[in-house]
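1. Attaching a predicted model along with its sequence, questions to come.
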Amino acid sequence: MKAAVINHYGGREQLEVIDMPIPKIKSDEVLVENMATSINPIDYKAREGLLKRMFPWQFPVILGWDIAGIVASTGDDVTSFKVGDPVFARPDIDTKGVNGSYAEYTAVKADKLALKPNNISFVEAAAVPLAGLTALQMLRKLQLSSNQKILIQAGAGGVGIYAIQLAKMIGAYVVTTASQNNHEFVKSLGADSVIDYHKNNIQDVLSDFDTVLDTVGDVDNGIAILKSGGHLVTISNALTDQQKNTSDKTVTEGWLNPNGQDLAILASYIAKGELQIVVDSLYPLTTEGIQSAHERSETHHARGKVVVQIKE
């Protein structure tokens with residue numbers, strides 16, 4: 001199969017499309033023939049070697065943690081999916097590094113899969129799992145409820161787009177940060193107010209917030225705008241002891257728990273037209289394409305998700 005790999009940690013130039021063996025599935029797994037995948041910030045961080053203490057990968061490493069495709073085969077114990085089903089998933093991170101989603105096939109635990117909604121393409125479906133699940137689970141961790149005020153940092157980013165929409169479904173008052181050219185866009189997703197981070201420090205213009213979802217590492221400013229009893233979750237930074245022990249406020253780190261049940265919740269919203277998917281740009285699974293996709297993601301200016309189309 002064709003797959004984009006790295007043979008060394010480093011820059012985008014380390015990415016190369018080569019032939020790799022098709023993964024063999026276990027009894028509780030499904031082999032997915034991938035139609036599309038997407039790029040997430042964790043991808044280029046992994047490429048640079050920032051995750052090597054967590055995962056002792058052996059080169060060559062196939063990166064990628066979003067898949068959308070068709071079930072090609074199922075393990076003996078799998079009863080919930082059949083060959084030909086259109087599916088999407090955020091697979092488990094492979095500790096060996098040979099089962100990423102930048103490939104024509106990926107082995108996925110059946111409990112991580114959900115059926116793809118019929119009203120979206122595989123390209124759109126690939127833009128959902130990691131970012132959408134992160135948004136859903138972090139709002140749940142924040143215990144966001146109706147009429148609360150929430151700040152969602154980087155509203156035009158992959159996680160921010162879903163978090164704004166999901167927070168509005170809950171009934172919250174949503175403030176987000178975005179550059180001036182994205183103000184109307186994030187308002188179209190449901191944001192009630194937008195702060196231009198180029199012009200304003202959030203601490204100077206916001207206060208008395210119930211919750212903050214930090215996706216950019218601006219933890220101290222986020223803590224400063226919380227009311228007494230407020231809750232901040234960061235998905236971007238490791239917290240210091242001082243931040244964790246902030247008096248009268250709950251400050252925690254958030255980690256994605258990939259699972260098919262939560263993905264099915266997102267799929268139901270999408271099927272009903274309640275959750276908008278935004279694709280920033282589309283690239284082919286070639287050496288030049290995957291390098292360009294990483295380059296676009298690393299600008300931090302993508303509006304929505306950067307997607308790689310693996311097959312038509």
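-> Everything's here; your move.

2. Please parse the chain into its domains.
-> Taking automatic domain parsing as the reference, the chain has its domains at 2-128+278-309, 131-253.

3. what is the rounded mean pLDDT of the first one?
-> Per-residue pLDDT values over domain 2-128+278-309 give a mean of 96.

4. Over to the spatially closest residue to Gly158 that is not a sequence neighbour: give its phi and psi.
-> Excluding the flanking residues, the one nearest Gly158 by CB to CB, 6 or more residues apart in numbering is Ala131, at 3.7 Å. Heads up, the C-betas are built off the backbone N, CA and C, glycines and all. When read as degrees, to the nearest 10, the backbone of Ala131 gives phi -70, psi -40.

5. Let me know whether Ala131 touches Asn40 as I believe.
-> Yes - using CB atoms under 8 Å, Ala131 is in contact with Asn40, at 6.9 Å.

6. joint contacts of those two?
-> Here Ala131 and Asn40 have Gly158 as joint contacts, going by CB atoms under 8 Å, 6 or more residues apart in numbering.

7. When these two are compared, which one has more neighbours?
-> A direct count of neighbours by other CB atoms under 10 Å for Ala131 and Asn40 places Ala131 higher, at 27 against 23.

8. What separation do you get for that one and Tyr9?
-> Applying CB to CB, to the nearest Å, the value for Ala131 to Tyr9 is 24 Å.

9. Could you do Ile290 as well?
-> Applying CB to CB to Ile290 and Tyr9 gives a distance of 16 Å.

10. neighbour count winner among these two?
-> Counted by other CB under 10 Å, Ile290 and Tyr9 do not tie: Ile290 has more neighbours, with 26 against 16.

11. List the contacts of that one.
-> Each residue near Ile290 by CB under 8 Å, 6+ apart is listed here: 4, 15, 17, 102, 283, 308.

12. Then Lys141?
-> 233, 252, 254.

13. between these, which is nearest Lys116?
-> Gly254 (25.8 Å; CB to CB).

14. Show me what the residue lying closest to the closest one once chain neighbours are set aside is bridged to.
-> Leaving aside its sequence neighbours, Gly254 sits nearest to Val233 (CB to CB, 6+ apart; 4.3 Å). In this entry, Val233 is beta-bridged to Leu213, Thr252, by DSSP bridges.

15. which residues touch Val233?
-> Counted by CB under 8 Å, 6+ apart, Val233 has contacts 138, 141-142, 211-214, 252-254.

16. Spatially, which two of those are the most separated?
-> Thr211 and Glu253 (14.8 Å).

17. For these two, indicate the residue with more neighbours.
-> Using other CB under 10 Å as the criterion, Thr211 and Glu253 rank with Thr211 on top: 26 against 17.

18. Check which helices and strands the host helix or strand of the more buried one is in contact with.
-> Taking DSSP states H and E as the definition, one finds Thr211 inside strand 209-214. With contacts defined as 3 or more CB pairs under 8 Å, 6 or more residues apart in numbering; DSSP states H and E, strand 209-214 has these neighbours: helix 129-142, strand 149-152, helix 219-224, strand 226-234.

19. Leu50: neighbour count?
-> As a burial measure, Leu50 scores 12 neighbours (other CB under 10 Å).

20. any idea how far it lies from Asp28?
-> 30 Å.

21. What residues are bridge-paired with Ile152?
-> Under DSSP bridges, the beta-bridge partners of Ile152 are Thr176, Leu213.

22. Actually, Pro86.
-> Beta-bridge partners recorded for Pro86 (DSSP bridges): Ile70.

23. distance of it from Val194?
-> Relative to Val194, and taking CB to CB, Pro86 is found at 36 Å.

24. More neighbours: which of the two?
-> Val194 (21 against 17).

25. name the element the closest residue to the more buried one other than its chain neighbours belongs to?
-> Among residues not flanking Val194 along the chain, His183 sits closest, at 4.7 Å (CB to CB, 6+ apart). Assigned by DSSP H and E, His183 falls within helix 183-189.

26. Please, where are all the helices along the protein?
-> 41-47, 122-126, 129-142, 158-170, 183-189, 202-205, 219-224, 241-244, 260-271, 287-298 (DSSP state H).

27. burial of the residue nearest to Ile170 when sequence neighbours are not counted, as a residue count?
-> Counting by CB to CB, 6+ apart, Leu144 is the residue found nearest to Ile170 once chain neighbours are left out, at 5.5 Å. Leu144 has 22 neighbours, counted by other CB under 10 Å.

28. In this structure Leu144 contacts Ala167, no?
-> Yes - Leu144 is in contact with Ala167 according to CB under 8 Å; the separation is 6.2 Å.
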